[in-house]
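Enquirer: I need the structure of the sequence given here:
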Amino acid sequence: MRTPAFKWVNTALGNIKAAIVGTYRSINSKHVPRYLAEFQYRFNRRYDLVAILPRLCWASVRTPPMPYRLLKLAEVYA
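Expert: Numbering: from 1, shown residues only. The predicted structure is shown next:
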């Protein structure tokens, strides 16, 4: 018996896999949280594709610099 609630889960997982495999040749397990964060960012803004690049530029210009050691901590706690 197939449950309709699982159809959207299967679709979402298929979309995530296609996005990651289509972008990266190999997937390193330590970078998976970042891959999923990137997919989440694009997925949440999928209906406003025209504004995705200006919004990303706006966020990147207004975000303060972060030292590399703090970026590496994000991988440990993700």
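
Enquirer: now do the helices in the chain.
Expert: Counting by DSSP state H, residue ranges of the helices within the chain are 5-23, 32-44, 49-62, 68-77.

Enquirer: most tightly packed of these?
Expert: Neighbour counts averaged per stretch over those are highest for helix 32-44, at a mean of 13; criterion: mean count of other C-beta atoms under 10 Å. Any C-beta I mention is one placed from the backbone N, CA and C, and that applies to glycine too.

Enquirer: what average pLDDT does it get?
Expert: The average of the pLDDT scores along helix 32-44 is 80.

Enquirer: equivalent analysis for stretch 64-78, please.
Expert: Mean pLDDT, stretch 64-78: 73.

Enquirer: hmm, Val21 and Tyr35 touching each other?
Expert: No - assessed by C-beta atoms under 8 Å, Tyr35 is found out of contact with Val21, at 10.1 Å.

Enquirer: shared neighbours of those two, which are they?
Expert: Shared contacts of Tyr35 and Val21 (C-beta atoms under 8 Å, 6 or more residues apart in numbering): Ile27.
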